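Chemist: pasting the sequence and the predicted model now:
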Amino acid sequence: MHWLLGIALTVAVFVILKRWGELSPEARRKMLWKWGVVAFIGVLAVLVLTGRIHAITAGVAALLPWLRRLPALLQHWSTLQRWLGRNDTGPGPGESSAPPRAGAMTRQEACQILGVASDCSREEVIAAHRRLIQKLHPDRGGSDYLAAQLNEAKACLLRG
């Protein structure tokens, strides 16, 4: 039985090294990160299953690789706060977090949401919408509310 495991591991190492040699340096870096995270999580799982590390500690350690994405998320924090209608001080007592809206979106609001100038062209509106919806679409972790706001802003600016 051990010799079957040895043959399987040898073949796996051979296939991995062959594919590794065919990759570009950028693809190698990405693959190294992915396999590093997988190996890290695998070691944590083995330690939890054998009782050598507590599950909560393992969970915290498993979140560490995701912390490298935190600066990219924080870059968009002020934009998200503005879209959600919140200011730095937050809503006062009895106030809602979003400003009340009566009727359709104004052109000025639409320009603010998409981050374009009031005299923007049709192509600029479409490009801004595409860029933002790719980041904030519900299928990619965004909210339905933000996607609806982006779509309404695009329609408002293309209408008038």
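Modeler: The structure has been received and is ready for your questions.
Chemist: and the helices in the protein?
Modeler: In the chain, the segments counted as helices under DSSP state H are 2-22, 25-49, 55-63, 70-75, 77-83, 107-114, 122-136, 144-159.
Chemist: in TSV: the ones you listed, plus mean neighbour count and mean pLDDT.
Modeler: To be clear about C-beta, it is placed using only N, CA and C from the backbone, and glycine gets the same treatment. TSV is the format used below for these (neighbours: other CB atoms under 10 Å; pLDDT from 0 to 100):
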stretch	mean neighbour count	mean pLDDT
helix 2-22	9	87
helix 25-49	12	85
helix 55-63	13	80
helix 70-75	9	74
helix 77-83	14	74
helix 107-114	18	90
helix 122-136	15	91
helix 144-159	17	89
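Chemist: domain-wise, how is this protein divided?
Modeler: 2-70, 104-160 (automatic domain parsing).
Chemist: could those go into TSV alongside distance to Gln81?
Modeler: Conversion of the domains of the chain to TSV gives the following (distance: least, CB to CB, whole Å):
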stretch	distance to Gln81
domain 2-70	16
domain 104-160	12
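Chemist: do you know which of those domains lies nearest His76?
Modeler: domain 104-160 (7.3 Å; CB to CB).
Chemist: contacts only, for the residue nearest to Cys111 when sequence neighbours are not counted.
Modeler: With CB to CB, 6 or more residues apart in numbering as the criterion, Cys111 has its nearest non-adjacent residue at 5.1 Å, and that residue is Ser118. Neighbouring residues of Ser118 by CB atoms under 8 Å, 6 or more residues apart in numbering: Arg107, Gln108, Cys111.
Chemist: got a list of what Ile71 touches?
Modeler: Not quite, residue 71 is Pro, not Ile. Pro71 neighbours (CB under 8 Å, 6+ apart): none.
Chemist: Trp77 versus that one, what's the distance?
Modeler: To Trp77, Pro71 is 11 Å away according to CB to CB, to the nearest Å.
Chemist: many thanks, have a good one.
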